[in-house]
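Asks: my questions are about this predicted structure, shown below with the sequence.
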Amino acid sequence: MRAAITQTTWTGDKASMLDKHEQFARDAKAQGAEVICFQELFYGPYFGITEDKKYYAYAEPADGPIVQRFAALAKELGMVMILPIYEEEMTGVYYNTAVIVDADGRVLGKYRKHHIPHLDRFWEKFYFRPGNLGYPVFDTAVGKVGLYICYDRHFPEGWRELGLGGAHMVFNPNATKPGLSNRLWEVEGPAAAVANGYFVLQPNRVGREDNEYGELAVDFYGTSQVIDPRGNFVGERGSGTDEELLIRDLDLDLVRQMRDDWQFYRDRRPESYTRTVMP
């Protein structure tokens, strides 16, 4: 199965971002991709840099114009699409959400980011409520797909929930900057892939969005990556500085092979893990 993930920086306006990502999808299809996932909050800037209510205007319903546009594109191209959007459930209630569309254009559902950071230039609690839809796994034209968003990746419990739900691959769109996260970026995806025996696909923003935030802007480091169930990178990681469309072939037989070789699901002891579910 051939998969695509993308990385880019903020162009300065929503319309051109939407056009850019439509072109990414068309280019991916031309190269044989069957599924594509965009970066976190793909059509806007990463607005967690500041706390400013003007960015609430980027939110729209999960069945709004952006999802409808890309659902039509998914049907036209015959591609599964993962669309990380700013979701408006109702005025004043907003989520960081990934909507999944099947290759026939049907919207299969959505995942809402569970773990919401509130750190310097990641002021996400100003913008998002924590997710409340659990950890769904979606049956798609390319297999069983799970979704996990950016900061979620620091929490192994959600990765395991997706594995127990039967996921063969998990898409984890990101907006990640240099600092404490660099080493975590290198190890968390492979660790999740190995522990759960599935593919992990991690698009990340790239570049400096100083056209929006000036001196407050951070350098998103790209290096988007695809990881197989044995923890190996599939092909090279993405550029650390430039826009890129990554196309990678996934041998889905590796999911069964890894899980047969390493019986982590058989040997888990959930009755003994008392502290992991304590508040």
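Replies: Nice, I can see it.
Asks: which residues touch the closest residue to residue 85 other than its chain neighbours?
Replies: The shortest distance from residue 85 to any non-neighbouring residue, by Cβ to Cβ, 6 or more residues apart in numbering, is to residue 97 (5.5 Å). Any C-beta I mention is one placed from the backbone N, CA and C, and that applies to glycine too. Applying Cβ atoms under 8 Å, 6 or more residues apart in numbering, we find residue 97 in contact with 62, 84-87, 110-113, 131.
Asks: apply 10 Å and report the result again.
Replies: Contact analysis of residue 97 by Cβ atoms under 10 Å, 6 or more residues apart in numbering lists 41, 59, 62, 67, 83-89, 110-113, 128, 131, 133, 147, 149.
Asks: need the longest strand for this protein.
Replies: In the chain, assigned by DSSP state E, the strand with the most residues is strand 80-90.
Asks: in that one, which residues are buried?
Replies: Across strand 80-90, burial judged by 16 or more other Cβ atoms under 10 Å covers 80-88.
Asks: ditto for stretch 63-79
Replies: By 16+ other Cβ under 10 Å, the buried positions in stretch 63-79 come out as 66-67, 70-71, 73-75, 77, 79.
Asks: next secondary structure element downstream of the helix-or-strand element of the chain with minimal mean pLDDT?
Replies: Across the helices and strands of the chain, mean pLDDT, DSSP states H and E gives its lowest value to strand 118-119, namely a mean of 91. As assigned by DSSP states H and E, the chain's next helix or strand after strand 118-119 is strand 122-123.
Asks: so what sits opposite residue 146 in the bridge?
Replies: residue 137, residue 170 (DSSP bridges).
Asks: numbering from 587 from now on, please.
Replies: Done: numbering now begins at 587, and the last item shifts to residue 732.
Asks: so who does the residue nearest the centre of the chain touch?
Replies: The centroid of the chain falls nearest to residue 759 when counting by Cα atoms, centre = their mean (2.2 Å). Counting by Cβ under 10 Å, 6+ apart, residue 759 makes contact with 591-593, 623-628, 668-670, 682, 684, 699, 733-736, 787-791, 810.
Asks: which residues are in contact with residue 821?
Replies: 811-812, 832-835 are the contacts of residue 821 under Cβ under 10 Å, 6+ apart.
Asks: of all the residues you listed, which comes closest to residue 753?
Replies: Lowest distance from residue 753 to those (Cβ to Cβ) belongs to residue 812, with 14.9 Å.
Asks: you'd agree the closest one is in a strand?
Replies: Yes - assigned with DSSP: H, G, I helix; E, B strand; the rest coil, residue 812 falls within a strand.
Asks: gap between it and residue 677?
Replies: Separation of residue 812 from residue 677 (Cβ to Cβ, to the nearest Å) stands at 38 Å.
Asks: between the two, which is the more surrounded one?
Replies: residue 812 (28 against 8; other Cβ atoms under 10 Å).
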